[in-house]
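Q: the following block contains a protein sequence and its predicted model.
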There are 2 protein chains.
Amino acid sequence: MKSKGKLLLVLLFSKTFNMRLPFVMLLQVALYFAGSYASYAQETDSSVLRKFYTEALSHPVAYNRLDHLCNQIGGRLCGSPQVAKALDYGQKVMESMELDSIYFQPLMVKHWVRGEPASGKVKAKGFEDLDLHIVALGSSVGTGKAGITAKVVEVKSFEELKKLGRKKIEGKIVFFNRPADPAPIYTFDSYGGAADQRSQGAMQAARYGAVGVLVRSLTLARDDFPHTGIQHYADSVQKIPALAVSTNDADKISFRLKNDPELNLFMRTTCEELPETESYNLVGEIRGGEFPDEVIVFGGHIDSWDIGQGAHDDGAGVVQCLEILRLFRQLNIKPRHTLRCVLFMDEEYAQRGGAAYTERALQLGKKQKHIIGIEADRGGFTPSGFSIDASEQVIKKIQSWKSLFLPYGIWSFEKGGSGVDIRGLKQMGVPLVGLVVDSQRYFDYHHAASDTFDKVNCRELQLGSAGMTALVYLVDKYGL
Amino acid sequence: MKSKGKLLLVLLFSKTFNMRLPFVMLLQVALYFAGSYASYAQETDSSVLRKFYTEALSHPVAYNRLDHLCNQIGGRLCGSPQVAKALDYGQKVMESMELDSIYFQPLMVKHWVRGEPASGKVKAKGFEDLDLHIVALGSSVGTGKAGITAKVVEVKSFEELKKLGRKKIEGKIVFFNRPADPAPIYTFDSYGGAADQRSQGAMQAARYGAVGVLVRSLTLARDDFPHTGIQHYADSVQKIPALAVSTNDADKISFRLKNDPELNLFMRTTCEELPETESYNLVGEIRGGEFPDEVIVFGGHIDSWDIGQGAHDDGAGVVQCLEILRLFRQLNIKPRHTLRCVLFMDEEYAQRGGAAYTERALQLGKKQKHIIGIEADRGGFTPSGFSIDASEQVIKKIQSWKSLFLPYGIWSFEKGGSGVDIRGLKQMGVPLVGLVVDSQRYFDYHHAASDTFDKVNCRELQLGSAGMTALVYLVDKYGL
């Protein structure tokens, strides 16, 4: 009501508020005080979109919030004190926007801790000792305080592992060194093509008696940053330590192995899994004026890996989704449907936040309808489109808005996946959308110590906020 | 001939070279040795484009060349020893590709030198002294060794200057402080909207008796880097020193002026213009097999501002255009028309290189036809399209290839400007094209000390090389 009062005051004392005040302005005032949807009646969609973009590009609010999340809080592994601080901060931000409701969805998360910084060393004949840039993969067991030292078998695939067999692998460290393919244009395809080594390497190598695995970092960059990420064990096999090594070091180890196949690799990590602990999704809503029980949900994940700042993954998505609420508030647009921003917990480790959200949605059943789910989890880079996991009819409806988005460089509206946190809603038939951004730099930083605030460009980030806000606006106005 | 020999050798000794060698392979060999255009007959366009991209993304040749240009040679102001070194390097690169001809186009360039690093200081009541991040604008006269100290008038436009008039301006330093508008999506529009302050500020302020101008840096970033760039004097007015100040400092000066309108500004630069000197455009060609006198020309500018490394502006364009030649060579595609790569001199200062090239083209007249001119001078960022300065018919022809480019994220084929170095060809009716790239970060670095190699992403750069190569390939194959 505060801002309404201000507007009235401005109108009363402004020079235009006299006998010549045009009828249209009186109508505007009437509509304004009538409550909701005023803006829908008065402005063209292209004009509203332009306002979203101008506001987002003129005031770096999301960018400044990301600065806080990264530089004041830092990496936010689920179960950690940092992620609790991030939830507090998220709540404060939501409170500052005077939302209609803010609440937590409790859930249990695994609590893995990295322990002391991992270390590794290669001793090869004819070479100086090589100290490795190395990190434990998420969920890895520790090596024990003494670390492990063993000979190394380099492989590029699980087939190769099978061919070598137990005789050549037993007692050794398996070194997975298949580089990500640089040829795909969309780097998530490069990532996907090499990710089995990280996610299942330890499980597969343990079947043949390996004592540990070292995995080439999942990145197209050649540098000294090791990239962490989740890996999985199988109940049927021994849990062996799983670590990642930088691409530069992976090349060096491979070169040394060609000259000294009997070289020794030492690696050490004191990581371990602690008991599960309680955590939360954080939800903030602007209540829908016409259809309060029909929900447009959008979100990113508040947790991140611990070795960087989780700037692109997924601090960016978090502040962009908060920005959607701010842009609606700033332009004083009252949505017809409920706008729900979810800061999901635990996307990186066990995806419990997404699961908890879906479970809650299933419980509510027909009491609440999801119009659409939108996820931002591909980095804060220049947006180029939306990948849509929905019926052909819905895809066509969204594509019908393409001309509104083209002036902002959003041109691709293709069938495709949405995101890990909202994908569970698919079983309820909810149309799902992922924000697509320029992917060239994403895996340079992904899950590495280099995923820091300074790698995010203010305008690129803000364009993503505005693009998603535009989609939310159109879905809210026209439905799907 | 060396590579042909190698291929034959591989074929002779490969396992497939036996009685079961398929007929198609023999045909390929025959066509290969028959000379030219073999590839045009055998492969779909989409397959050839895929090869360009795979080669460009798999081998960071252009990126490594940019590393040399930036880190071994550095900023390359026309007339400087560095730009001479850069020409030598360009020549060596061209020679390594065994081009059909490599030659220089001589021209005279202005020779402005920056002298000692510029300095500036603000003394305002109630504030600590502020040391400024400041640079001379290109072509500025010096302040004299002692520098100048004067009171300051802050303005946002030339209209404001006019309103203030000589009485309020005479003897003072005019501080142009209109920020670039953040609202445009394409940042060149933001730049264009504020550039008059830099290019004409001194000329305009001198009319009212100002003793110098200080211009807010032309960038959307808020940081401590001053951005240089060319400025122009008018013959009719006094030449006064013109300097640029970082955006952070511009905000600080403005704040101080509000508190102390009588504050003193000191600034000092020993820049000066030396006599003109001889320089060159560097040209490398692959001769056309069918139409050697019909030319597809593409280029970037080898000169840059001196305070950074000229990485995005325009080392990127230079190495990308060299890469077009390499990709044709690497895929062994023999063009029908002559492919001409031009490393233009002096885009930044007086555009003499572009003028010399056009003059030469005009002299040759009908003896030589330009099929198309393509310029890369908007930074080494992810490409999104081509801006086309040509007839509707030509635009439609290029747009007809859109589906071939979409898999590579190149989606925008709109009427628009090409580039400063090739625009002179328009008078001959030559269709002109500029490579359009993501512009969000360009003016963060443009003409500043921060335009360095580390700001260029390998894949983003290489995508631009491949995209232009694809366009050259299609124009060569189908004409315009």
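A: Cool, the structure landed. Numbers count the residues shown, from 1 in each chain, chains lettered A, B, ... in the order given.
Q: now name the helix or strand holding the spatially most central residue of chain A.
A: Residue closest to the average C-alpha location in chain A (CA atoms, centre = their mean): residue A:377, at 3.0 Å. Taking DSSP states H and E as the definition, one finds residue A:377 inside no helix or strand.
Q: contacts only, for the residue in the stretch 201-350 of chain A that chain B sits nearest to.
A: Here the stretch 201-350 of chain A gets closest to chain B at one residue, residue A:220, 6.7 Å apart by CB to the nearest CB. In short, each C-beta sits where N, CA and C put it, glycine included. Applying CB atoms under 8 Å, 6 or more residues apart in numbering or on different chains, one finds that residue A:220 lies in contact with A:180, A:182, A:187, A:190, A:443-444, B:459.
Q: just the strands in the stretch 1-150 of chain A please.
A: With strands called from DSSP state E, counting those that start in this stretch, the stretch 1-150 of chain A shows them at A:101-113, A:119-123, A:130-131, A:134-136, A:148-155.
Q: mean neighbour count, distance to chain B and mean pLDDT for those strands - can I get that in CSV?
A: Output for the strands of the stretch 1-150 of chain A, formatted as CSV (neighbours: other CB atoms under 10 Å in any protein chain shown; distance: least, CB to the nearest CB, whole Å; pLDDT from 0 to 100):
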stretch, mean neighbour count, distance to chain B, mean pLDDT
strand A:101-113, 17, 30, 98
strand A:119-123, 19, 26, 98
strand A:130-131, 14, 24, 98
strand A:134-136, 26, 23, 98
strand A:148-155, 18, 21, 98
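Q: reformat these as CSV; add distance to residue A:294.
A: Shown next, in CSV, are the strands of the stretch 1-150 of chain A (distance: least, CB to CB, whole Å):
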stretch, distance to residue A:294
strand A:101-113, 15
strand A:119-123, 53
strand A:130-131, 57
strand A:134-136, 44
strand A:148-155, 52
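Q: so which of those strands gets nearest residue A:276?
A: Ranking these by proximity to residue A:276 (CB to CB) places strand A:101-113 first, at 4.8 Å.
Q: get me the contact residues on chain A for chain B.
A: A:53-54, A:57-58, A:182-183, A:185, A:187, A:220-221, A:382, A:384, A:407-409, A:411-412, A:438, A:440-441, A:444, A:457-460, A:463 (CB under 8 Å from any CB of the partner chain).
Q: buried ones only from the residues you listed, please, as a ChimeraX command.
A: In ChimeraX, this line selects whichever of those come out buried by 16 or more other CB atoms under 10 Å in any protein chain shown:
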select /A:53,54,57,182,183,185,187,220,221,382,384,408,409,411,412,438,440,441,444,457,458,459,460,463
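Q: of the residues of chain A next to chain B, which belong to helices?
A: A:53-54, A:57-58, A:187, A:444, A:458-460, A:463 (DSSP state H).
Q: break chain A into its domains for me.
A: Structurally, chain A divides into domains by automatic domain parsing as follows: A:38-108+A:276-478, A:115-274.
Q: quick one, which of those is packed in tightest?
A: domain A:38-108+A:276-478 (a mean of 21; mean count of other CB atoms under 10 Å in any protein chain shown).
Q: and that domain, how far from the chain's centre?
A: 9 Å (CA atoms, centre = their mean, to the nearest Å).
Q: from residue A:263, how far out is the closest residue to residue A:259 other than its chain neighbours?
A: Among residues not flanking residue A:259 along the chain, residue A:126 sits closest, at 6.0 Å (CB to CB, 6 or more residues apart in numbering or on different chains). Per CB to CB, to the nearest Å, residue A:126 is found 10 Å from residue A:263.
Q: again, but for residue A:158
A: To residue A:263, residue A:158 is 23 Å away according to CB to CB.
Q: give the residue spans of the stretch 51-200 of chain A that score low on pLDDT.
A: Along the stretch 51-200 of chain A, the model assigns pLDDT under 70 to no residue.
Q: just the C-alphas of the host helix or strand of residue A:405, formatted as CSV.
A: Secondary structure assignment for residue A:405, by DSSP H and E: helix A:402-405. In CSV, the C-alpha atoms belonging to helix A:402-405 read as follows (Å, rounded to 0.1, in the frame of the first residue of the first chain):
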residue,chain,number,x,y,z
LYS,A,402,9.4,-15.9,-30.6
SER,A,403,9.1,-12.5,-32.3
LEU,A,404,8.8,-10.8,-28.9
PHE,A,405,12.1,-12.4,-27.8
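Q: tell me the confidence at the residue nearest to residue A:446 when sequence neighbours are not counted?
A: Computed as CB to CB, 6+ apart, the closest residue to residue A:446 that is not its neighbour in sequence is residue A:313, at 5.7 Å. Listed pLDDT for residue A:313 reads 98.
Q: and residue A:313, that's in a helix?
A: Yes - using DSSP: H, G, I helix; E, B strand; the rest coil, the assignment for residue A:313 is a helix.
Q: quick one: it and residue B:327, what's the gap?
A: To residue B:327, residue A:313 is 33 Å away according to CB to CB.
Q: kindly report the same for residue A:187.
A: For residue A:187, the distance to residue B:327 - CB to CB - is 21 Å.
Q: over to residue A:214?
A: Residue A:214 sits 36 Å away from residue B:327 when distances are taken as CB to CB.
Q: how about residue A:322?
A: Separation of residue A:322 from residue B:327 (CB to CB): 44 Å.
Q: same check on residue A:409?
A: Counting by CB to CB, the gap from residue A:409 to residue B:327 is 27 Å.
Q: next one: residue A:459
A: Distance, residue A:459 to residue B:327, using CB to CB: 31 Å.
Q: need the longest strand for chain A.
A: Secondary structure of chain A per DSSP state E: the longest strand is strand A:272-286.
Q: what about it, average pLDDT?
A: Across strand A:272-286, the average pLDDT comes to 98.
Q: quick one, the next helix or strand after it and strand A:272-286 angle?
A: With elements assigned by DSSP H and E, the helix or strand that comes after strand A:272-286 is strand A:291-301. On the basis of axes from the mean of the first three to the mean of the last three CA atoms, to 10 degrees, strand A:291-301 is oriented at 140 degrees to strand A:272-286.
Q: which neighbours does strand A:291-301 have in its sheet, and in what orientation?
A: strand A:337-344 (parallel), strand A:369-375 (parallel) (DSSP bridges).
Q: would you convert those into TSV that also reports mean pLDDT?
A: TSV is the format used below for the strands paired with strand A:291-301 (pLDDT from 0 to 100):
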stretch	mean pLDDT
strand A:337-344	98
strand A:369-375	98
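Q: distance to residue A:358 added to those strands, as a markdown table?
A: Output for the strands paired with strand A:291-301, formatted as a markdown table (distance: least, CB to CB, whole Å):
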| stretch | distance to residue A:358 |
| --- | --- |
| strand A:337-344 | 11 |
| strand A:369-375 | 10 |
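Q: thinking again about what came up before, kindly export the longest strand of chain A (C-alpha atoms) in PDB.
A: What follows is strand A:272-286 as a C-alpha-only set of coordinates in PDB (Å, rounded to 0.1, in the frame of the first residue of the first chain):
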ATOM      1  CA  GLU A 272      34.200 -38.700   4.500                       C
ATOM      2  CA  GLU A 273      30.500 -38.900   4.800                       C
ATOM      3  CA  LEU A 274      28.900 -37.700   8.100                       C
ATOM      4  CA  PRO A 275      25.300 -38.500   9.300                       C
ATOM      5  CA  GLU A 276      22.500 -37.000   7.300                       C
ATOM      6  CA  THR A 277      21.200 -33.600   8.400                       C
ATOM      7  CA  GLU A 278      18.100 -31.500   8.100                       C
ATOM      8  CA  SER A 279      18.000 -28.900   5.400                       C
ATOM      9  CA  TYR A 280      15.400 -26.900   3.300                       C
ATOM     10  CA  ASN A 281      14.200 -25.700   0.000                       C
ATOM     11  CA  LEU A 282      13.300 -22.000   0.300                       C
ATOM     12  CA  VAL A 283      10.100 -20.800  -1.400                       C
ATOM     13  CA  GLY A 284       8.900 -17.300  -2.000                       C
ATOM     14  CA  GLU A 285       5.600 -16.400  -3.700                       C
ATOM     15  CA  ILE A 286       3.600 -13.600  -5.200                       C
END
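Q: thank you kindly, that will do.
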